[in-house]
Structures are given as structure tokens and as C-alpha cells.
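1. Here's a sequence, model it:
(one chain, ligands or ions: 1)
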Amino acid sequence: MAASLKKKKNVLIGVTGSVAAIKVPLIVQELQKSEGMNVEVRVVTTERGAHFFKPEELQVQVYRDQDEWQWQKREDPVLHIELRRWADVFVIAPLDANTLAKMAAGLCDNLLTCVVRCWDLTKPLLFCPAMNTHMWNHPLTQRHIDVLKGFGYIEVPCVEKTLVCGDSGLGAMAEVSTIVAAVHKSLRDVDTLL
Ligand SMILES: CC(C)(CO)[C@@H](O)C(=O)NCCC(=O)N/C=C\S
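-> This next block holds a predicted model:
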């Protein structure tokens, strides 16, 4: 069946303030290809995340904190609720240490963490940690990751690399191909569930 006839799947990509966000344009491109699937991609970024890529170059809808404050009157939509309804899958790539901690504690002080805080736990939420090795090795990291996995969120584990700051070790975001494959798997799993 032609991809266009397949049921459209909506993928929301969350972007936070790790230097790995330089890979976001690649992730978007690969997900838009998605052979044999009809995938629509949108992006929600934190202000720190937007530092690492040019939202206007992505050719997809990119939501930022200020978009939440277009709300003026009672009947206006609430953006983080609209995004939770729209998305079939939510993949946060990269997930920096700060937003990891916020998610584990239920903080929701920006658009991205508000979508997380109201997320429909019957839909897949994938997270791709990315941080300096010394941050990764702090015991808080695994403690927070275990909390997220306790909610049923799916970890796409970081990998060992010589990081941009010169440190070597764990903390690098998973490869783009790994992230895309994990999203495709969760989309197929959602299909079999429905
Ligand atoms: C940027 C990329 C993808 C290049 O291969 C890789 O170094 C990475 O995932 N880094 C994320 C770790 C990080 O945020 N380091 C911050 C200070 S060292």
C-alpha cells in the first residue's frame, strides 16, 4: 500500500540543551523519509535547545515557549494539551541532564516539560540522554532515568565517544540511526496495540 494511504503517524521530537541537538536536523530528515510509513514530524524545543539548530531551517513546525503564550481568551487552545493529543509518539532527543531531572521531579516550567507532564502514558515516550561524561557518571543520572523508566518511558541509551569537550566516555547521544529505528519500532508497536 502506498505510504500516502497508510494511516498518518504523528511524531513529536523534543529538543533540549545538549550540544547533541546539532543532530536534530538529521533526525527530522530521517523520520520524514520513514520508508513505507506516513509520518508527520513536529518539534518542540526548549530555549536552550534552540541554541544548537536553526528552527527555520527544519521545514517542519517548531514550537517554542513563546508559542504557549499566544493564549489570550478562554476558547483559545492550550498548546501543550494540543501537542499531547496530536502526537502518537514523543521522542526527546537529546535529553539533557537538566530536563531529565525536571521530568523525574514533575517540574513543568516550559512548553516541553508541560507536554511531558500531561503525557498520555498509553503512548510511547522515548528519551535519548546526552550529557558530558562526568555529568553522566553522577549517581543522580541513573536515579532519574530509573524514575522515567518506572513511568514506562523508553530509554535510547547514550554511547561512548570522545565528546566535543574532549572528555571520553559515556554521555554521547545514541546514533541517529538508532534513534530513528527505536521510533519506528514504537510506531509499529502502537499499530499492533490499536
Ligand atoms: C555532539 C555529539 C553528538 C558529537 O558526536 C556528541 O559529542 C554528543 O552526543 N555529545 C553530547 C554530550 C554533551 O552534551 N556534552 C557536553 C559537554 S562535553
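
2. alpha carbons only for contacts and neighbour counts from here, please
-> Fine.

3. Under the pLDDT cut-off, which ranges of the protein? List them.
-> Low-confidence segments of the chain (pLDDT under 70): 1-5, 193-194.

4. List of residues touching the longest helix belonging to the chain?
-> The residue-count maximum for a helix in the chain (DSSP state H) belongs to helix 176-193. Applying C-alpha atoms under 8 Å, 6 or more residues apart in numbering, the contact partners of helix 176-193 are 9, 23, 26-27, 30-31, 34, 88-89, 91, 123-124, 126, 128, 156.

5. Just the buried ones from those residues?
-> Neighbour counting with 16 or more other C-alpha atoms under 10 Å marks 9, 23, 27, 30-31, 34, 88-89, 91, 123-124, 126, 128, 156 as buried within these.

6. my read: Leu111 touches Glu68, true?
-> Yes: because the distance of 6.6 Å satisfies C-alpha atoms under 8 Å, Leu111 is recorded as touching Glu68.

7. Give me the common contacts of these two.
-> Common contacts of Leu111 and Glu68 (C-alpha under 8 Å, 6+ apart): His80.

8. who's more crowded, those two?
-> The residue with more neighbours, out of Leu111 and Glu68, is Leu111; 24 against 14, by other C-alpha atoms under 10 Å.

9. Could you pull out the helices in this structure for me?
-> Per DSSP H, the chain has helices spanning 24-33, 65-68, 79-86, 97-105, 111-117, 133-136, 139-150, 176-193. These are given in chain order.

10. any idea of the angle the longest one forms with helix 24-33?
-> Angle of helix 176-193 versus helix 24-33, following axes from the mean of the first three to the mean of the last three C-alpha atoms, to 10 degrees, is 40 degrees.
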